[in-house]
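Visitor: Any chance you can model this:
(2 chains)
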Amino acid sequence: MPSICFYFQVHQPLRIKKYRYFDIGKKGPYFDDNSDSNLNNQKILQKVAQKSYLPANRLLFELIKEYPKFKVSFSLSGLAIEQFEKYSPETLESFQKLVDTKRVELLSETYYHSLSFIYSKDEFKSQIDLHAEKLKNVFGIKRPAVFRNTELIYNNDLAKYIEGLGYKGILAEGADHVLGWRSPNFVYRPVNTKKIKLLLKNYKLSDDIAFRFSERSWCEYPLTAEKFAAWVNAINGNGQIVNLFMDYETFGEHQWEDTGIFNFLRALPREILKHPDNDFTTPFEAIKKYEAVGEIDVPYYISWADVERDLSAWIGNSMQADALSKLYEIKDKVYKSKNNEIKKDWQRLTTSDHFYYMCVKWFQDGDVHAYFNPYDSPYDAFRYYMNVLADLELRLKENG
Amino acid sequence: MFGWEYPPHNSGGLGVACQGLARALVAQNVELVFVLPKKLGVFSEPFRFRFADVAGFKIAEVNSLLVPYITSEKYKVLINGVLPEGQYGATLFDEVRRYAFLAKYIAESETFDIIHAHDWLSFGAGIVARKISGKPLVAHVHATEIDRTAGKPNEFIYREEKFGVITADRIIAVSNFTKNVLVDSYGIKPDKISVIHNGISTSDNMDSYRVDNNGILKLKRLGYKIVIFVGRITIMKGPDYFLYAAKKVLDFEKKVLFVMVGSGDMEGAMMNKAAELGISNKVLFPGFLRGKELASVYQTADLFVMPSVAEPFGLTSLESLLYGTPVLISKTSGASEVLRNSLKTDFWDVDDMADKILSVIKHKSLHNELVVNGRRDAYSCSWTSAAQKCLAVYNQLI
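Guide: Residues are numbered from 1 along each chain as shown, chains lettered A, B, ... in the order given. Here you go, the predicted structure:
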């Protein structure tokens, strides 16, 4: 009797504007592009809110009302919440309304959606605490029991560290090279841990919705709720949970309304619940309900990105490595300066998206990934980032 | 195949491109005869040459090596210094007409399936050959008069060009950029034009030209960064924008040297411009270079800039990448269509150009990524694939 466990990622970075070499010394601001481009954070947030967050939240609210068994989970990055407060309070309200139904679980993550675990455990911890505090202030909830790292970046060390912080559960990608013959449809335990449990994304079914939904060339096109429910039913007797983890923008932004994605979601609870053994669950519920069936060993980092499911999207080339090392090199100086403005700007530079934009490997593939990059090229993304970093360093120097 | 210049008797990219294509076609088992207007020298290629002037006529030789690129007025100036015996054809246009006239005899004495003429200088000859033989003509456009003169075309040249592309059975353009010029300014229907990007010859052993003793290298060791411009110093190549960008860069970073390799009608003006801008101690003009000397400049440089106003292709940018130097190229260039991993700019946006130059010289990681990935793009431009596309065009006509 598989329980569907939905987890939706809600994140918007603060994109760096075209900060040129000559702008070094002007002391910012860095993130306030107000042109018509895809670097205009306000414009993008409001657009995605209209196309995706607001209609999807409205739909979820309806479904929660109609189906007592329907429930979902989210993780909202600190930067997303901040931008909702500033540019779209109604979106924040709709999330608050959902959380108040008590059938929407929120997860813990780093406030700035960063790669800090890899570079600085101190920074990592302080960003997690900052995030938990934000959740308390905005949603009135206590610290979540389940954690998910940026872009589901995960390895054994992370699991152990998170267990040490008191979390009961953690999410990761159900990558083939980690699972081997095993199925992602069970609860596991990370190696060398005692109590924390691991939920692995069922990438086939998740990506069917998130990526393949509107692909006409896909052999299963069109995907209906009925068809999907049949696939879930097929797991019956052979799985505890079906972890459907994806970007919330799937609904309305990556998959536009005219693909029928909202209709699919609307029909899904009904189709799933037709089978009496099926139901919906959330990460913490699943962890409480099921015992770990085995151990999972992930010595090297995995993530939910690309075919490789590793770190190459953010740390694959020498520009990314250069940027990341220069960034973390000045961390101590930043904190020593006791200057909050500088510290905030520095933390905004830790967001994983900045490095994602510097990725060259997809740049060969032309249009497909151009969608994800608001700059003309990964080289331009790198240039602007480094100019901003240089400006920040100058501010540090002048701060004394 | 009708051409006008051929390496090493060339003054620009036209001859280089013809050589690359001709060799690659022969490698595809095409039997090729390359016609030149005069016997420029002795060539060793896997195909035959014919020289239009060596056809049993006694016609005086004229040194017209700069011909594909200069206007008729300038040509007259050059000619007046020479005074050959039995002068026939005082201007460039007469040369072109003479070529066409003589092509008749070449066409009558050869058997062939296709006539392939490169640029306006050879179109006349190609048209005559077509008339005589009844075989189809392919007009290969490497550059247009509109590009060369930044929109102020010489009437005669424009007419010859236009007549050539209209009469031809099919047109090959070296880039989408050039194709668009043909559609917009010459009224050609898009489906008559096939875009075949130029390739690069990697057979020349790039590594054999080791930079050993060269003044620029010494400056580099003293901590200078080297930014180069390689091309004819003429309006369509945007040399003035190069200098304005140089000035802006030097306002922020003193230890940069700008090297303008090439010669052309704007040479003197650019030297003056550098002085005017107060940067002549940071700008070098080594003149036209080729072979080892050119290779060593490419290798020593930290960045190659091609700020062309109108560049039908821009082979030099690919050459630069093969020598391990990243490129910053104008968006109005054919090369920008094939070099994905390069920095691109609008030729007139001097600030943007300077901004990008500064980034590359400041960040080694950026420089290295551009080289590694840009080189891959350059290698993928092969004459073999160009020749194959060419054959496809031929097959449509036979």
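Visitor: Contact partners for B:His367?
Guide: B:Asp302, B:Leu303, B:Pro326, B:Val360, B:Ile361 (CB atoms under 8 Å, 6 or more residues apart in numbering or on different chains). C-beta here means a position set from N, CA and C on the backbone, and glycine is covered the same way.
Visitor: Which of these fall in strands?
Guide: Among those, the members found in strands (DSSP state E) are B:Leu303.
Visitor: For B:Glu95, state which of the contacts of B:His367 is nearest.
Guide: Closest approach between those and B:Glu95, by CB to CB: B:Leu303, at 39.0 Å.
Visitor: which residues of the stretch 1-150 of chain A score low on pLDDT?
Guide: Applying pLDDT under 70 to the stretch 1-150 of chain A flags the ranges A:1.
Visitor: Going along the chain, name the strands of it.
Guide: Assigned strands in the stretch 1-150 of chain A, in chain order: A:3-10, A:72-76, A:104-106, A:146-147 (criterion: DSSP state E, counting those that start in this stretch).
Visitor: Adding distance to B:Gly374, write the ones you listed out as CSV.
Guide: What follows is the strands of the stretch 1-150 of chain A, written out as CSV (distance: least, CB to CB, whole Å):
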stretch, distance to B:Gly374
strand A:3-10, 35
strand A:72-76, 39
strand A:104-106, 45
strand A:146-147, 41
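Visitor: Would you mind giving those strands as JSON lines with distance to A:Glu393 and mean neighbour count added?
Guide: As requested, the strands of the stretch 1-150 of chain A are exported to JSON lines (distance: least, CB to CB, whole Å; neighbours: other CB atoms under 10 Å in any protein chain shown):
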{"stretch": "strand A:3-10", "distance to A:Glu393": "32", "mean neighbour count": "24"}
{"stretch": "strand A:72-76", "distance to A:Glu393": "31", "mean neighbour count": "24"}
{"stretch": "strand A:104-106", "distance to A:Glu393": "36", "mean neighbour count": "23"}
{"stretch": "strand A:146-147", "distance to A:Glu393": "32", "mean neighbour count": "26"}
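Visitor: on that earlier part again, got a winner among the contacts of B:His367 for most neighbours?
Guide: B:Pro326 (26 neighbours; other CB atoms under 10 Å in any protein chain shown).
Visitor: For the closest residue to that one other than its chain neighbours, what is the enclosing helix or strand?
Guide: Once flanking residues are discounted, B:Pro326 sits nearest to B:Leu370: 3.4 Å by CB to CB, 6 or more residues apart in numbering or on different chains. For B:Leu370, the element it lies in under DSSP states H and E is helix B:364-379.
Visitor: Only alpha carbons, please: show that helix as PDB.
Guide: What follows is helix B:364-379, C-alpha atoms only, in PDB (Å, rounded to 0.1, in the frame of the first residue of the first chain):
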ATOM      1  CA  LYS B 364      43.000  32.900 -15.100                       C
ATOM      2  CA  SER B 365      40.100  30.400 -14.600                       C
ATOM      3  CA  LEU B 366      38.000  32.300 -17.000                       C
ATOM      4  CA  HIS B 367      40.800  32.500 -19.500                       C
ATOM      5  CA  ASN B 368      41.400  28.700 -19.200                       C
ATOM      6  CA  GLU B 369      37.800  27.700 -19.500                       C
ATOM      7  CA  LEU B 370      37.400  29.900 -22.600                       C
ATOM      8  CA  VAL B 371      40.500  28.300 -24.200                       C
ATOM      9  CA  VAL B 372      39.600  24.700 -23.400                       C
ATOM     10  CA  ASN B 373      36.000  25.000 -24.500                       C
ATOM     11  CA  GLY B 374      36.600  27.500 -27.400                       C
ATOM     12  CA  ARG B 375      39.200  25.200 -28.900                       C
ATOM     13  CA  ARG B 376      36.700  22.400 -29.000                       C
ATOM     14  CA  ASP B 377      34.300  24.700 -30.900                       C
ATOM     15  CA  ALA B 378      37.100  25.600 -33.300                       C
ATOM     16  CA  TYR B 379      38.100  22.000 -34.000                       C
END
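Visitor: Next, the buried residues of it.
Guide: For helix B:364-379, a neighbour-count test (16 or more other CB atoms under 10 Å in any protein chain shown) marks B:365-375, B:377-378 as buried.
Visitor: Could you point out which of the strands of the stretch 1-150 of chain A sits nearest B:Val256?
Guide: Nearest of the strands of the stretch 1-150 of chain A (CB to CB): strand A:3-10, 44.8 Å.
Visitor: Packing partners of the helix ranked longest in chain B?
Guide: For chain B, the helix with the greatest residue count under DSSP state H is helix B:92-109. Secondary-structure packing of helix B:92-109 (3 or more CB pairs under 8 Å, 6 or more residues apart in numbering or on different chains; DSSP states H and E): helix B:72-80, helix B:119-133.
Visitor: before we move on, back to that, closest one to B:Arg130 out of the contacts of B:His367, please.
Guide: Using CB to CB, the contacts of B:His367 come closest to B:Arg130 at B:Pro326, 43.7 Å.
Visitor: quick one, phi psi at the closest one?
Guide: Here is the backbone geometry of B:Pro326 (degrees, to the nearest 10): phi -70, psi 160.
Visitor: follow-up on the earlier one: list the residues that contact the residue nearest to B:Pro326.
Guide: Contacts of B:Leu370 (CB under 8 Å, 6+ apart): A:Tyr379, B:Pro326, B:Val327, B:Asn341, B:Ser342, B:Leu343, B:Val360.
Visitor: Among the strands of the stretch 1-150 of chain A, which comes closest to chain B?
Guide: strand A:3-10 (28.8 Å; CB to the nearest CB).
Visitor: ok, and what's touching the closest one?
Guide: Counting by CB under 8 Å, 6+ apart, A:53, A:72-77, A:80, A:95, A:107, A:148, A:171, A:199, A:232, A:240-248, A:250, A:272, A:278-283, A:286, A:289 sit against strand A:3-10.
Visitor: if you skip the residues just before and after it, what's nearest to the residue of chain A found nearest chain B?
Guide: Of all residues in chain A, the one sitting closest to chain B is A:Asp322 (3.7 Å; CB to the nearest CB). Once flanking residues are discounted, A:Asp322 sits nearest to B:Ser365: 3.7 Å by CB to CB, 6+ apart.
Visitor: do A:Leu39 as well
Guide: A:Asp33 (4.1 Å).
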